[in-house]
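>>> the following block contains a protein sequence and its predicted model.
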Amino acid sequence: MSGDLFLISARTVGLAALATALMLPPGIALAWLLARRRFPGQALVETLVSLPLVLPPVATGLVLLQLLGRRGPLGSLLSDFGVEVLFTWKAVVVSMAVMGLPLLVRSARAGFEQIDRRYEQIAATLGAPPLRVFLSVSLPLCRRGVLAGALLGFSRALGEFGATILVAGSLPSTRTIAVGIYNATVIGDDATAFSLLLVSAGLAFGALFLSNRFATQSTPVGPS
Amino acid sequence: MSSTITLDFVLRQGAFSLEVRERLEARVVALFGPSGAGKTTVLESIAGLRRPDEGVIEIGSDRLVDTSIGLALPPHQRRVGYVPQDLALFPHLDVRRNILFSAVDGAGPDFDAVVALLEIGEMLVREVGELSGGERQRVALARALVAAPALLLLDEPLAALDRPLRERVLPYLIRIRDEFSIPMIYVSHDPAEVNAIADWVLVLDQGRVVRRGPTA
């Protein structure tokens, strides 16, 4: 059983890390767009990104199930390339990423909004094209916001249950800590359930602790 | 290198409007006038941080703005070195990396020459937060210089410094003027400073040039 416990914990951490890596590029891009640009449909994008925060996770799972199913718009495209997502570890990663994304975007967006635009403007006058301004000024100046957001998203991913159970099930190959706790409790295996609970609490505590540290130790962002 | 600077534009912002119609041949032009006259707005229009409603801005044969054909080059294509009043040194980079941020290989004044001229060699490894006012000013100047600008815009470079410090930094500005043949537009409201560094003065008041002429 303890071998299983280790495997489930390692899998959960690994997949949550992968999900965090997956959400970082779109998350940072969305955060930057929402903080810096005004575009038509902005309020809509803003609401859509945050929707997984308030929607029942199972409902988000249902949306993913429709999208990723063999006849779904994404699923059919992927299966043309021989990629099956549903009920594999990939489905776990996707649901973790979708559920963690809103937290990353919120935190990173606040980070971008705190940066004095002056630095970006002056970087441009010094000859830096927009992408270079972003990579060498904006992103480093809000790295704490992005890191705090990534850790929050990671914490959320660690605990993902509702969407995961729908798109990945509770197979031995897809079982995460949250799903494992549910399973063990249902079959009356309290020892496993409590062990997983302890692991889960420890991991969540660590990630949140770090996230808060990054969020509060702010870098100087005012004009120098 | 004496390139004519053409400023022929109108910029409106609420009740304020700025109208400048000048062809400048001088090496160092001082923009002089009370606060709120539009001096910084002139600089930011040239640097590309503000967009004139109509008109033309040219440095030599380079056209930066021509609203009649919808042209307004983005700031990074203008080759204008702008040292704003708040300096905006990057807080996440040390002094060396601040200066090298804009370095253009093989063009303009090179890093070592600028560092030597402004005597900032010892500061290179320091964080910008550890610098004094006069040191920050010199680092911001160095950063603008190594970007190989075709025009240097200085917004009250000495205003934040106390008098003894001003007297120590002013010679560096004069050195820049004499060593590198980069034309400058220099905003100030101190007549002594203007006389020391500029050869042409524009007096700006409420968005209009009310007087122009050589310095004494």
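Right, received. Where do you want to start?

>>> ok, the residue nearest in space to the middle of chain B - contacts?
When CA atoms, centre = their mean is applied to chain B, the residue found nearest the centroid is B:Leu153 (1.1 Å). Shown in contact with B:Leu153 (CB atoms under 8 Å, 6 or more residues apart in numbering or on different chains): B:43, B:46-47, B:80-83, B:184-185, B:187. The way it works is simple: take the backbone N, C-alpha and C, and place the C-beta from them, glycine included.

>>> just those residues that are near chain A?
Among these, the ones lying close to chain A by the criterion of CB under 8 Å from any CB of the partner chain are B:47, B:80-82.

>>> a markdown table for the residues you listed, including neighbour count?
Below are the ones next to chain A among the contacts of B:Leu153 laid out as a markdown table (neighbours: other CB atoms under 10 Å in any protein chain shown):
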| residue | neighbour count |
| --- | --- |
| B:Ala47 | 24 |
| B:Val80 | 27 |
| B:Gly81 | 27 |
| B:Tyr82 | 28 |
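
>>> and which of these is nearest to A:Val137?
Set against A:Val137, the nearest of those by CB to CB is B:Tyr82 (15.1 Å).

>>> in a strand, that closest one, correct?
Yes. Membership of B:Tyr82 in a strand is supported by DSSP: H, G, I helix; E, B strand; the rest coil.

>>> what residues are up against it?
Counted by CB under 8 Å, 6+ apart, B:Tyr82 has contacts A:122, A:125, B:43-44, B:46-47, B:49, B:144, B:153, B:155.

>>> and with 10 Å instead?
Counting by CB atoms under 10 Å, 6 or more residues apart in numbering or on different chains, B:Tyr82 makes contact with A:121-122, A:124-126, B:43-44, B:46-49, B:75, B:88, B:140, B:144, B:147, B:149, B:151-155, B:185.

>>> in a strand, the residue nearest to the centre of chain B, correct?
Yes. Assessed with three-state DSSP, B:Leu153 lies in a strand.

>>> for B:Ile59, see how far away it is.
Distance of B:Leu153 to B:Ile59, given as CB to CB, to the nearest Å: 11 Å.

>>> and for these two, which residues touch both?
With CB under 10 Å, 6+ apart as the test, B:Leu153 and B:Ile59 both reach B:46, B:80, B:183.

>>> where along chain B do the helices fall?
Here chain B has its helices, by DSSP state H, at B:39-47, B:95-100, B:111-118, B:133-146, B:163-179, B:191-197.

>>> how about those in JSON lines, adding distance to A:Ser107 and mean pLDDT?
Formatted as JSON lines, these follow (distance: least, CB to CB, whole Å; pLDDT from 0 to 100):
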{"stretch": "helix B:39-47", "distance to A:Ser107": "32", "mean pLDDT": "96"}
{"stretch": "helix B:95-100", "distance to A:Ser107": "27", "mean pLDDT": "95"}
{"stretch": "helix B:111-118", "distance to A:Ser107": "37", "mean pLDDT": "90"}
{"stretch": "helix B:133-146", "distance to A:Ser107": "31", "mean pLDDT": "92"}
{"stretch": "helix B:163-179", "distance to A:Ser107": "41", "mean pLDDT": "87"}
{"stretch": "helix B:191-197", "distance to A:Ser107": "46", "mean pLDDT": "90"}
